[in-house]
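Q: Coordinates for the following, if possible.
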Amino acid sequence: MNGPNKDAKFPLSHYDRLCFLKNVVKNPNIIVGDYTYYDDFENVENFEKNVKYHFDFIGDKLIIGKFCMIASDVKFIMNGANHLTNALTTYPFAIFGNGWENAMEGKAYPQKGDTTIGNDVWIGYNATIMAGVKIGDGAIIAANATVIKDVAPYSIVGGNPALEIKKRFSEETIDKLLAIQWWDWDIERITQNLQALTDNDIDKLVVS
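A: Predicted coordinates for the structure are as follows:
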C-alpha cells in the first residue's frame, strides 16, 4: 500500500474532524495541495469560515502546498480587510454610499497579493496569517502566533507579531531539502522513504 487515498475527504475512518483539505474547500480562490490536512475541534467546514475578508471582487488567492498540517481555529486575514493607512483617516466612507460613494475615486485600498503557504508547513492552533504573507517550505508556526511578514523555509516562528525562534536545521541541510523537494516525489517513492523522512539524517533519503 502507498498511503491513504489523497482524494478522500476524511482519510481516517470513523473520524470526521480531520480532512484532506483540498476535498473540502469550495472557493476557487483557495488552492490546496495533496495530503494537506485540516483538523477542527468542531467541524471541518469551519476552515473557509476562518478565511476572513476573502471577497470575490478582490480576487486574491490563498495557496497552500502539499503535506501541510493546519490546526483548529487557524485564521487567514485576506486583502478585503485592508484600509487606507497613508490617508488622514482609515475610515471606508465609500462603502456606505448616500453621497459618500466617490470617496475613493482615483484611489485604491492596499493590496498585498496572494497569501502563499509552502509545502510541509505546520500551522499551530489559533495562529493568524495576515494578507500577502508567504510561508516557506518546512516552516512551523507556533500556536497563537500572528504572522505579519514572510517566514523563511524550515524556520520556527511564534509570538505576536511572530518572530523567528530558530531554524529547524543547518543551512546546508535546508538547502538540500529545498533542492530535493520530497513532496513532489511520486507517492511510491515517498512511501519507500518513510523511515528516513521521519528521521533527521538527510543522507538516509533515497533520492534517485
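Q: Please make it C-alpha for all contacts and neighbour counts, starting now.
A: Will do.
Q: Would you mind giving the domain segments of the chain?
A: 18-168, 170-208 (automatic domain parsing).
Q: of all these, which gets the most neighbours per residue?
A: domain 18-168 (a mean of 18; mean count of other CA atoms under 10 Å).
Q: Quick one: name whatever helix or strand follows the longest helix along the chain.
A: If you go by DSSP state H, the chain has its longest helix at helix 171-180. Downstream of helix 171-180, the first helix or strand assigned by DSSP states H and E is helix 187-192.
Q: From the rest of the structure, what touches the next helix or strand after that next one?
A: Sequence-wise, the next helix or strand downstream of helix 187-192 (DSSP H and E) is helix 194-197. With contact meaning CA atoms under 8 Å, 6 or more residues apart in numbering, helix 194-197 is reached by 202, 204-205.
Q: Quickly list what the residue sitting nearest the centre point of the chain is bridged to.
A: The residue lying closest to the centre of the chain (CA atoms, centre = their mean) is Ile117, at 3.8 Å. Beta bridges link Ile117 to Ile64, Ile135, judged by DSSP bridges.
Q: same deal with Val51?
A: Phe76.
Q: That one and Asn79 touch, don't they?
A: No - taking contacts as CA atoms under 8 Å, Val51 lies outside contact range of Asn79: 10.6 Å.
Q: so what's the residue nearest to the centre of the chain up against?
A: For Ile117, the contact set (CA under 8 Å, 6+ apart) comprises 62-65, 134-137.
Q: How about Lys166?
A: Here Lys166 is in contact with 155-157 (criterion: CA under 8 Å, 6+ apart).
Q: Same question for Asp7.
A: By CA under 8 Å, 6+ apart, the contact list for Asp7 reads 20, 23.
Q: roughly how far apart are it and Lys61?
A: 22 Å (CA to CA, to the nearest Å).
Q: what's the nearest residue to Leu177 once chain neighbours are set aside sitting at in phi/psi?
A: Distance criterion CA to CA, 6 or more residues apart in numbering; nearest residue to Leu177, sequence neighbours excluded, is Ile202 at 7.8 Å. Phi and psi for Ile202, reported as degrees, to the nearest 10, are phi -60, psi -30.
Q: Correct me if wrong: Ile202 contacts Thr173.
A: Yes - Ile202 is in contact with Thr173 according to CA under 8 Å; the separation is 7.2 Å.
Q: pLDDT score for the nearest residue to Asp60 once chain neighbours are set aside?
A: Nearest residue to Asp60, sequence neighbours excluded (CA to CA, 6+ apart): Asp114, at 5.2 Å. At Asp114, the pLDDT value in this model is 97.
Q: And Lys107, by the same measure?
A: We have a pLDDT of 89 for Lys107.
Q: now do the one 10 residues further on
A: What the model reports for Ile117 is a pLDDT of 98.
Q: what do you get for Ser208?
A: 69.
Q: go on, Lys66?
A: The model's pLDDT for Lys66 equals 98.
Q: what residues are up against the closest residue to it other than its chain neighbours?
A: What sits nearest to Lys66 in space, not counting adjacent residues and going by CA to CA, 6+ apart, is Gly33, at 4.2 Å. Taking CA under 8 Å, 6+ apart, we find Gly33 in contact with 22, 64-67.
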